[in-house]
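Trainee: coordinates for the following, if possible.
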Amino acid sequence: MADIEHTAIKRLQLAAKMSQQYYQKPLLICNSGGKDSLVLLAIAKAAGIKYEVVHSHTTADAPETVRYVRRQMHELECAGVKTEIHYPVYKGKRTSMWALIPQELMPPTRFARYCCRILKETTGSHRYIATGVRVSESKGRADSAEFEIRTSRKADKGRFSYEHTAEVFSEAQTLPDVYDCQMITACKKHKQVSVLPIVDWTNRDVWGYIRSKHLEYNPLYDYGFNRVGCIGCPLASRKTRLAEFVKYPKYENMYRHAFNRCVARRKALGKPGVTDIKDWSTGAKMFDWWMEDKNVDGQLEFEGVRDHV
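Mentor: Numbers count the residues shown, from 1 in each chain. Here you go, the predicted model:
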């Protein structure tokens, strides 16, 4: 445990130096309220670096997560750490999950995750950020690296090891005006660059660290939750979402109401409600379709669906 903590601290310390030099701001730590963010915050404190903390209020988080994050942020502020709760904005106006669904004319899906793009991924733009992303969380994160240049196009995304990043940063100090490489150029242009200090940690590592340090974690884990993201997230299984809606029926009602408004707007715009692969003739049928795991194959074929991935 001491070895992986030391490695994570080195990654954070390097990122903090780069953030101060190129962005003239402290490293920005993204806090979701989950176990990985909790570990990240503890390691940042142990690293002795200057940092700030931001939380993206998605509007679809469980009440326990909202209260837990507020308490975390209050404690950080009392300890002298600057914090911010980021409220989502879309097309210049405050928004929410329930407002986005009728605006986007479709539910959020595993392939059209406009909810993530708008509600979460705008946080920390033009900053050097730290996240608790880990390779073992999902297949989609299998190619994650210790340091990354975040872009809207996956083809342009840069991924770098600690050793490479430390080397180019050291070399850039010698020739600051002429030295050029992808990572340093991105920093100089104030693009969003991220460090993933615990990218190679396993679930066992995370929980082992939490218990060894006696960290107070989100109470949802004691209720049997494996994840503490948005209620009804389409990345979760149907079984998981059904269990979430049993515990939080108001969230199911809000999704159903949003789907009703979505169907009404589609009809007003002349969009078809029924095709060979879906029946969105009513909000209830849209909700039933959305809850099925089998709907994934056709999700990329819908007319008018923009690629948000």
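
Trainee: now the helices for the protein?
Mentor: 2-18, 35-47, 63-78, 97-104, 114-119, 162-174, 182-188, 203-212, 238-247, 249-268, 283-291 (DSSP state H).

Trainee: which helices and strands does the fifth one pack with?
Mentor: Contact partners of helix 114-119 among helices and strands, from 3 or more CB pairs under 8 Å, 6 or more residues apart in numbering; DSSP states H and E: helix 97-104. Bear in mind the C-beta positions are built from the backbone N, C-alpha and C, glycine included.

Trainee: give me the mean pLDDT for the helix it packs on.
Mentor: Mean per-residue pLDDT for helix 97-104: 95.

Trainee: domain ranges for the chain, per the record?
Mentor: 2-223, 238-296 (automatic domain parsing).

Trainee: those domains: which one's closest to residue 230?
Mentor: Distances from residue 230 to each of the domains of the chain were compared using CB to CB; the shortest belongs to domain 2-223, at 3.8 Å.

Trainee: and that closest one, end to end?
Mentor: Start to finish, the residues bounding domain 2-223 are 30 Å apart (CA to CA, to the nearest Å).

Trainee: and that domain, how far from the chain's centre?
Mentor: From the chain centre to the centre of domain 2-223 is a distance of 8 Å (CA atoms, centre = their mean, to the nearest Å).

Trainee: contact partners for the spatially closest residue to residue 282 that is not a sequence neighbour?
Mentor: The shortest distance from residue 282 to any non-neighbouring residue, by CB to CB, 6 or more residues apart in numbering, is to residue 263 (6.1 Å). Each residue near residue 263 by CB atoms under 8 Å, 6 or more residues apart in numbering is listed here: 273, 280, 281, 282, 283, 286.

Trainee: and the last one, how close does it get to residue 187?
Mentor: I take that to be residue 286. As defined by CB to CB, to the nearest Å, residue 286 lies at a distance of 44 Å from residue 187.

Trainee: of these two, which one has the most company?
Mentor: Regarding residue 286 and residue 187, a neighbour count based on other CB atoms under 10 Å identifies residue 286 as having more, with 25 against 21.

Trainee: if we can go back for a sec, between the helices of the chain, which gets nearest to residue 143?
Mentor: Distances from residue 143 to each of the helices of the chain were compared by CB to CB, and the smallest falls on helix 162-174, at 15.6 Å.

Trainee: what residues sit buried inside that closest one?
Mentor: When burial is assessed from 16 or more other CB atoms under 10 Å, helix 162-174 yields the following buried residues: 162, 165, 166, 168, 169, 172.
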